[in-house]
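Asks: for reference, the sequence and a predicted model appear below.
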Amino acid sequence: MTNDTLIVFALLGLCVTCFMLNRPRMDVAALLGLIGLVLCGVLDLREALSGFSDPNVLLIAAFFVLGEGLTRTGVAFRVGDWLVARTGHSEVRLLVLLMLCVAGLGSVMSSTGVVSLFIPVALSVAARIDVAPGRLLMPLAFAGLMSGMLTLVGTPPNMVLSSALEHGGQAGFGFFDFTPVGLAVLATGIAYMLAVRRWLGASGAPQARRRDRRLQDLADSYGLRGRTRRLRVGAASPMAGHTLSTLQPRVRHGANVLLIERTSPLGQRSFTQSTHRALQPGDVLLVDLPPDEPAADAFIADMKLEPLPMDKACIAAITREYGLAELLLPPGSGMIGKSALELRLRAQRGLNLIGLRRRGRQLAADPLKTPLRMGDTLLVAASWKSIRELHRQAHDLLVLTLPAEIGEAAPAARRAPQAVFSVVLTIALMVSGVVPNVIAALIGCLLLGAFRCIDVDGAYRSLHWQSLVLIACMLPFAIALQKTGGIDLIVGLLRSTAGEASPHVLLALLFVLTSLVGLFMSNTATAVLMAPIAVALAGQLGLSPYPFAMAVAISASAAFMTPVSSPVNTLVFGPGGYRFSDFVRIGVPLTVLVLALCMLLLPWLFPFDAALPGR
């Protein structure tokens with residue numbers, strides 16, 4: 001082992017450790033590793049930057065935009081409406097159709113985005129047929145993972161493996177080369193989830209059952225019953241003449257002023273959330289007071305406020321304009337790691353954060369000052385207009401639960417046919433091979449813009465830059481491992497471990513190794529790391545690289561075993577009322593089933609001693 005090989009393994013080990021700790025972020029860690037390869041003289045500048053010029057990185061970026069076009073035009077919501085109309089009260093039919101819809105959409109757009117869109121649909125239908133959401137949300141997440149096994153563009157790891165084949169002098173995978181294995185896994189997964197669903201959602205966790213809720217139900221679920229009061233500002237009140245932004249009653253006293261009610265001389269009521277309106281004597285405040293009764297009474301006395309009854313007429317007037325919504329923080333949200341106070345949610349978005357849950361549990365800390373994490377659920381008070389806008393364009397926040405007062409809200413979908421046409425044409429061009437895949441995807445993006453399905457700013461916002469930078473920075477590690485003999489060393493260890501075993505055993509060993517690495521890294525990073533190993537292993541054995549590359553791709557997507565092994569698992573963890581052990585006891589057997597399917601199908605579809613059919 002040379003010094004350069006030791007340097008590459010040391011930098012790679014440092015990157016993997018950072019990926020596990022998520023400190024710093026994965027893209028930053030990969031970028032630091034890339035710089036280390038250059039500074040240590042392992043790679044020259046051209047080799048180090050080769051990942052940024054890889055066509056597959058641009059292809060992945062283009063499909064982020066295509067997926068956003070389907071989201072913005074409401075295609076996924078229309079599928080959800082179709083699903084609701086055809087499930088009736090059959091849980092079996094619902095689960096099968098739900099998994100098929102998610103897998104189908106996820107095969108051409110981001111599986112995380114599809115799962116995010118279908119969580120509210122699943123919760124709504126589960127409430128309608130009186131089924132615990134936990135019996136649907138884990139199948140929903142697993143279908144999102146399986147969608148990546150259906151097509152070349154179903155998930156970034158597939159394109160990473162295809163790129164590795166091309167760099168190894170082989171033809172890359174075709175668009176539907178993944179489909180036979182993916183369909184078999186999907187069929188097995190649906191049958192498996194139907195068999196084990198009785199063990200899901202039966203724990204009686206606080207969020208395990210959701211019915212169509214009213215505003216009071218949402219408030220009660222976050223422990224807010226009895227905390228909201230109507231208080232009139234008196235002439236002697238120290239609040240009169242000042243704005244909420246100046247007084248800061250929530251920061252100083254824990255009193256969250258939700259609304260300011262003002263009555264005109266003609267008796268007309270108006271409401272506002274503005275923190276910049278100067279309070280006047282006679283204004284009525286709707287205030288969420290601290291749960292500590294003495295502290296609440298002290299605030300009322302000190303501010304010289306007069307308690308008023310919560311009469312039905314007032315509540316009806318408020319709920320015509322304002323309400324509550326439960327939101328979910330999705331992966332890639334720009335709000336992750338920041339508090340609501342830092343984000344200025346109320347000033348910038350009109351969202352007043354009044355409750356925060358993490359992994360299904362109410363946090364005791366002040367939600368206003370708590371740094372937010374992916375998968376957190378937030379209860380916000382806002383105008384219906386603001387909530388509907390979030391429901392239509394949820395980039396940083398996903399609308400999880402809406403009260404019955406707002407009814408069902410869905411985005412406009414006037415350009416849905418054009419969006420579907422653009423995506424279908426892109427796939428047709430890729431399958432036909434008339435133009436290179438990346439050119440076909442760029443044509444589809446331009447069509448979405450021409451049809452006004454997405455604007456330029458929206459297209460750039462849809463790009464998951466963290467994933468793109470991660471892939472571009474990790475691809476040169478494959479060059480470094482090849483250049484320094486690191487890949488030969490790893491392959492030699494695998495072969496010595498397997499001894500004189502058959503290629504089937506080596507294929508299984510590669511699948512298991514990829515699954516274990518995937519417990520600590522994203523599936524994309526796992527694929528980048530394992531792809532050159534799979535190709536080199538096949539080369540040393542004198543066998544076709546395609547079954548080995550396919551095994552890595554399938555294993556990278558089969559992240560069923562923990563709630564943190566994939567963003568889609570993290571998304572459903574809280575709403576489904578799951579425990580960590582639920583994913584282990586359901587996900588591990590499913591992973592073993594997928595391994596068995598791969599051992600059965602891959603040598604038959606991609607023979608060890610032959611090139612890919614049709615190449």
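Replies: It's in. Model, not experiment: these values are computed from the prediction.

Asks: and for M310, the neighbour number?
Replies: Residues contacting M310 under the criterion other C-beta atoms under 10 Å number 12. C-betas here are computed from N, CA, C, even on glycine.

Asks: what sits closest to it if chain neighbours are left out?
Replies: R230 (5.8 Å; C-beta to C-beta, 6 or more residues apart in numbering).

Asks: just the element for that neighbour, please.
Replies: Taking DSSP states H and E as the criterion, R230 maps to strand 228-233.

Asks: strand partners (parallel or antiparallel) of that strand?
Replies: Here strand 228-233 has these sheet partners by DSSP bridges: strand 284-288 (antiparallel), strand 305-308 (antiparallel).

Asks: for those, give me TSV that also has distance to A440.
Replies: Shown next, in TSV, are these (distance: least, C-beta to C-beta, whole Å):
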stretch	distance to A440
strand 284-288	53
strand 305-308	64
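
Asks: coming back round to it: after the strand holding R230 comes which helix or strand?
Replies: Going down the chain from strand 228-233, the next helix or strand is helix 244-247, by DSSP H and E.

Asks: any idea how far whichever helix or strand comes after that following helix is from the chain center?
Replies: Helices and strands here follow DSSP H and E; after helix 244-247, the next one along the chain is helix 249-253. Relative to its chain's centre, helix 249-253 lies at 34 Å (C-alpha atoms, centre = their mean, to the nearest Å).

Asks: output the contacting helices and strands for helix 249-253.
Replies: strand 256-263, helix 293-302 (3 or more C-beta pairs under 8 Å, 6 or more residues apart in numbering; DSSP states H and E).

Asks: closest one to L95 among the ones you listed?
Replies: Proximity to L95 (C-beta to C-beta) singles out strand 256-263 among the helices and strands packed on helix 249-253, at 39.1 Å.

Asks: the residue nearest to M310 is in contact with P307, isn't it?
Replies: Yes: between R230 and P307 there is a contact under C-beta atoms under 8 Å: 7.2 Å.

Asks: ok, back up a step: in contact with the residue nearest to M310, which residues?
Replies: By C-beta atoms under 8 Å, 6 or more residues apart in numbering, the residues touching R230 are E261, V284, L285, L286, V287, P307, L308, P309, M310, C314.

Asks: so which of the helices and strands packed on helix 249-253 is nearest F142?
Replies: For F142, the closest of the helices and strands packed on helix 249-253 is strand 256-263, at 39.0 Å, according to C-beta to C-beta.

Asks: may I have that closest one exported as CSV, CA atoms only?
Replies: Extracted in CSV, the C-alpha atoms of strand 256-263 (Å, rounded to 0.1, in the frame of the first residue of the first chain):
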residue,chain,number,x,y,z
ASN,A,256,-48.0,35.2,21.9
VAL,A,257,-50.4,37.7,20.4
LEU,A,258,-52.0,35.8,17.6
LEU,A,259,-54.4,38.5,16.2
ILE,A,260,-55.3,42.1,16.8
GLU,A,261,-59.0,42.8,16.5
ARG,A,262,-60.2,46.3,15.9
THR,A,263,-63.8,47.5,15.6
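
Asks: now the helix ranked longest in the chain: mean pLDDT?
Replies: The single longest helix within the chain, with elements called by DSSP state H, is helix 580-605. For helix 580-605, mean pLDDT rounds to 91.

Asks: give the residue spans of the stretch 201-350 of the chain that score low on pLDDT.
Replies: The stretch 201-350 of the chain contains residues with pLDDT under 70 at 201-214, 268, 291-292, 311-313, 316-317, 320.

Asks: which of the helices and strands packed on helix 249-253 sits closest to A126?
Replies: The closest of the helices and strands packed on helix 249-253 to A126 is strand 256-263. By C-beta to C-beta, the value is 29.7 Å.

Asks: list the contacts of that closest one.
Replies: 228, 230, 244, 249-250, 269-274, 277, 279-280, 282-289, 314, 318, 322, 352, 354, 381.

Asks: let me have the strands paired with strand 228-233 in TSV, extended by mean neighbour count and distance to L59.
Replies: Listed next are those as TSV, based on neighbours: other C-beta atoms under 10 Å; distance: least, C-beta to C-beta, whole Å:
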stretch	mean neighbour count	distance to L59
strand 284-288	22	48
strand 305-308	15	60
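
Asks: nearest to C473, out of these?
Replies: strand 284-288 (45.4 Å).

Asks: quick check: which of the helices and strands packed on helix 249-253 is buried the most?
Replies: strand 256-263 (a mean of 18; mean count of other C-beta atoms under 10 Å).

Asks: and the angle for that strand with strand 228-233?
Replies: Per axes from the mean of the first three to the mean of the last three C-alpha atoms, to 10 degrees, the angle that strand 256-263 makes with strand 228-233 is 50 degrees.

Asks: where along the stretch 501-615 of the chain do the helices fall?
Replies: Taking DSSP state H, counting those that start in this stretch, the helices of the stretch 501-615 of the chain run over residues 503-518, 523-541, 546-557, 567-573, 580-605.

Asks: cool, the stretch 101-250 of the chain as well?
Replies: For the stretch 101-250 of the chain, the helices defined by DSSP H, counting those that start in this stretch cover 111-128, 134-147, 156-167, 179-196, 215-221, 244-247, 249-253.

Asks: out of those, which comes closest to D376?
Replies: When these are compared by C-beta to C-beta, helix 111-128 sits nearest D376, at 13.7 Å.

Asks: for the helices of the stretch 101-250 of the chain, give me a markdown table that also has distance to A340.
Replies: Shown next, in a markdown table, are the helices of the stretch 101-250 of the chain (distance: least, C-beta to C-beta, whole Å):
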| stretch | distance to A340 |
| --- | --- |
| helix 111-128 | 20 |
| helix 134-147 | 26 |
| helix 156-167 | 32 |
| helix 179-196 | 36 |
| helix 215-221 | 18 |
| helix 244-247 | 15 |
| helix 249-253 | 10 |
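
Asks: can you list these in a markdown table and add mean neighbour count and distance to G36?
Replies: A markdown table is the format used below for these (neighbours: other C-beta under 10 Å; distance: least, C-beta to C-beta, whole Å):
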| stretch | mean neighbour count | distance to G36 |
| --- | --- | --- |
| helix 111-128 | 23 | 30 |
| helix 134-147 | 28 | 32 |
| helix 156-167 | 25 | 21 |
| helix 179-196 | 18 | 37 |
| helix 215-221 | 18 | 48 |
| helix 244-247 | 16 | 47 |
| helix 249-253 | 16 | 43 |
